[in-house]
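# Let me see the structure of the following:
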Amino acid sequence: MGSFTAAIIEIYNTFISSFPAWAQNFVNLFFLMILVFLYSFFIWKFYRFIAKKNIFGFDLNKYNKSSHPFLAKLFAGGFYFLEYIIILPFIIFFWFTIFTFFLILLTDSLEVGALLTVAAIIVAVVRLSCYYKEDLAKDLAKLLPFTLLAIALLNQNFFNFERILSHFSALPSFFNKIIIYLVFIIGLEIILRFFDFIFSLFGLEEVGEEVSEQETNESSS
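Residues are numbered from 1 along each chain as shown. Model prediction:
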């Protein structure tokens, strides 16, 4: 990976050296602008998904055509497991992976473990918040990533595009450590779903929603 990174940097230096000295800074800023735009577009496009309790609103249970009560419950349980314990965590994990990838490129730190931990904490906080109130989760899902972007932009080393290219050498370490965080995300979603099921079973979820709606109405009045 080190030779691959060196080759990319060499290609970039060869490309940018073909421009006059006064234009090289503009080319450098153009590439940085594209990177920041892609990061911002990703956060804007996907923060609503990560902040929803039921991200895609799948209804796999509609494929349950069994008329037998026991089989109906068995199929319903199987579809629930497939939808919320298998599919949903992988969608969340995709967001986590891309977000961490951008952090590796944008930040000045090459400590991949620290960046993975930061990304995992943000994902965990957003997912935990969406089970309480989705509006709070949406605010966190866009506020925290954009705050990290602002911190990166204020770093004087950020405007060195060659430094960003050199961060590609950290990607192998990223892929080696990411499995642990996949297990963490799946485990977190299972725990949150379990408590959500318990709350809904005893009617606590509806009480919480009524209190939240009452507080919203009082604040608006």
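
# tally of neighbours for Val27?
15 (other C-beta atoms under 10 Å). Glycine gets a C-beta too; all of them are placed from N, C-alpha and C.

# what's the weakest-modelled helix or strand in this protein?
helix 204-220 (a mean of 50; mean pLDDT, DSSP states H and E).

# what packs against the helix or strand where Phe175 lies?
Using DSSP states H and E, Phe175 falls within helix 171-201. Where contact means 3 or more C-beta pairs under 8 Å, 6 or more residues apart in numbering; DSSP states H and E, helix 171-201 is packed against helix 88-106, helix 112-130, helix 204-220.

# what residues does the strand or helix carrying Glu162 touch?
Secondary structure assignment for Glu162, by DSSP H and E: helix 161-166. Helix 161-166 is contacted from outside by 5, 8-9, 12-13, 28, 31-32, 35, 105-106, 108, 157, using C-beta atoms under 8 Å, 6 or more residues apart in numbering.

# which among those end up buried?
Buried by 16 or more other C-beta atoms under 10 Å: Thr5, Ile9, Tyr12, Asn28, Leu32, Leu35, Leu105, Leu106, out of these.

# so how far is Asp108 from the third one?
Summarising the geometry, the distance separating Tyr12 from Asp108, computed by C-beta to C-beta, to the nearest Å, is 18 Å.

# hmm, back to that, just the buried ones among the contacts of helix 161-166: which are in helices?
Cross-referencing the buried ones among the contacts of helix 161-166 against helices under DSSP state H gives Thr5, Ile9, Tyr12, Asn28, Leu32, Leu35, Leu105, Leu106.

# Assign Asp108 to helix, strand or coil.
coil (DSSP: H, G, I helix; E, B strand; the rest coil).
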